[in-house]
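Participant: Can you look at this prediction? I've put the sequence above it.
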Amino acid sequence: MSKRDYYEVLGVAKDADEKAIKKAYKRLAMKFHPDRTKGDKAMEEKFKEVQEAYEILSDEQKRAAYDRFGHDGVDPNRGASGFGGGNADFGDIFGDVFGDIFGGGGRRGQSRAQRGSDLRYNLELSLEEAVRGKSVDIKIPTMASCDICDGSGAKKGTSAKSCSTCNGAGQVTMRQGFFAVQQTCPTCNGRGKVIPDPCKKCHGEGRVEKTKTLSVKIPAGVDTGDRIRLTGEGEAGMHGAPAGDLYVQVHVKEHAIFVREGSNLYCDVPLSFTTAALGGEIDVPTLDGRVKLKVPAETQTEKMFRLRGKGVQSVRGGGVGDLVCKVVIETPVNLSDKQKDLLRQLGDSMAGDAEAKHRPKSKGFFDGVKKFFDDLTS
């Protein structure tokens, strides 16, 4: 089955900027995430499709290749359980900084033909964990270097021999008349060496299946879509070749109170209609605890209040964002007869010619309604 256009998957235009692409990804990732779809296979496939589209379109080089050549211009291979094969050189935001934790780096200059596959691990964090950062232990099923033969593939005490078919070149020349064509050596598969006495544990491959535990330091301020690269922590290469890299893909779970947009946080704050009318102070939540918010008299519902510096410090630097509180005025419920009577008295006191004075929005609204019907009948 042919793949859908990546722009169509994310629902963005082909000239969409990085911010629009990331915003679309976050919205769809939350919608289709397995935690929310509870085992729905169709939704799980959509989640994987959205992840794949974002990986391509969020990377400048991959996006350019995709725009020019379509799906043929990028590596579409992805693991079914969150681990991906292939040697894609992801443009992650952290570079090799975190790879140095595990002693990786400096091995990309060797032959990529034998290099181990890159892996991807999907890591879920709460908003608090993402904002503050933490160290987490993760378990990775992978192909690791064989500890018996040290990755060589040869039985201990022996070594690989030069291939007699290609004399160690890894290629053979096939001649037909005036033409000569070079092909990969069928005996050594291009390695230039053969193993006459293979290791019994890895059967000559130089690597074995293994689950390893890694401690990953998550920097403060990461967000959904960010990736951390651990150099050399992917699959081991064949016969001692360099290992691939591990990409830790971050997904921040939906929060019960806050919604994050970049370095800002947003939340709805319920407000009693008496406090809205008369003004006062209310407690509002922040990630650092409660703070007081002064509400002026005659505040209308959905009024926005900005608390400077109560947002998030982005992992990319810059200042701390803000917390934006939207007040939502609550209509009182479960009133006693006395309370209902008091409200009727209040309503009667504001009725008549004085109503417009107490309800500033109503006059404009009803004047607009009257004009609308007058235009229909004229």
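Facilitator: Yes, it's here. Numbering: from 1, shown residues only.
Participant: C-alpha only now, for contacts and for neighbours.
Facilitator: OK.
Participant: so where is the chain shaky, pLDDT-wise?
Facilitator: 1-2, 35, 75-114, 176-179, 353-356, 360, 362-374, 378 (pLDDT under 70).
Participant: and if we set it to 80?
Facilitator: 1-2, 33-39, 68-69, 71-114, 174-181, 189, 238-241, 351-378 (pLDDT under 80).
Participant: can you tell me which residue is nearest the centre of it?
Facilitator: residue 225 (2.1 Å; C-alpha atoms, centre = their mean).
Participant: Now for that residue: which residues touch it?
Facilitator: Shown in contact with residue 225 (C-alpha atoms under 8 Å, 6 or more residues apart in numbering): 22, 25-26, 249-251.
Participant: Could you rerun that using 6 Å?
Facilitator: By C-alpha atoms under 6 Å, 6 or more residues apart in numbering, the contact list for residue 225 reads residue 250.
Participant: in terms of contact, does residue 204 touch residue 195 like I think?
Facilitator: No - counting by C-alpha atoms under 6 Å, residue 204 does not reach residue 195; the two are 7.0 Å apart.
Participant: Which residue ranges of the stretch 101-250 of the chain form helices?
Facilitator: 127-132 (DSSP state H, counting those that start in this stretch).
Participant: hey, where'd the strands end up in it?
Facilitator: With DSSP state E, counting those that start in this stretch as the criterion, the stretch 101-250 of the chain has strands at 119-125, 134-145, 161-162, 171-176, 179-184, 193-194, 207-218, 227-230, 246-252.
Participant: Tell me which of these sits most buried.
Facilitator: Comparing the strands of the stretch 101-250 of the chain by mean neighbour count (mean count of other C-alpha atoms under 10 Å), strand 227-230 ranks first with a mean of 26.
Participant: Direction included, what does that one pair up with?
Facilitator: In the sheet, strand 227-230 lines up against strand 246-252 (antiparallel) (DSSP bridges).
Participant: So what touches the strand it pairs with?
Facilitator: Against strand 246-252 from outside (C-alpha under 6 Å, 6+ apart): 118-127, 224-230, 233-234.
Participant: how about a cut-off of 7 Å?
Facilitator: Residues from elsewhere that reach strand 246-252 (C-alpha atoms under 7 Å, 6 or more residues apart in numbering): 118-127, 130, 223-231, 233-234.
Participant: Which strands and helices lie in contact with the helix or strand residue 21 falls within?
Facilitator: For residue 21, the enclosing helix or strand under DSSP states H and E is helix 18-32. Secondary-structure packing of helix 18-32 (3 or more C-alpha pairs under 7 Å, 6 or more residues apart in numbering; DSSP states H and E): helix 41-57.
Participant: Between helix 18-32 and the helix it packs on, find me the angle.
Facilitator: 160 degrees (axes from the mean of the first three to the mean of the last three C-alpha atoms, to 10 degrees).
Participant: Make 32 the first number, not 1, from now on.
Facilitator: Will do, 32 is the new start, and the previous item becomes helix 72-88.
Participant: Give me the buried positions along helix 72-88.
Facilitator: Residues of helix 72-88 classed as buried: 74-75, 77-88 (neighbour count, 16 or more other C-alpha atoms under 10 Å).
Participant: I'd like the next helix or strand past it.
Facilitator: Toward the C-terminus from helix 72-88 - assigned by DSSP H and E - lies helix 91-100.
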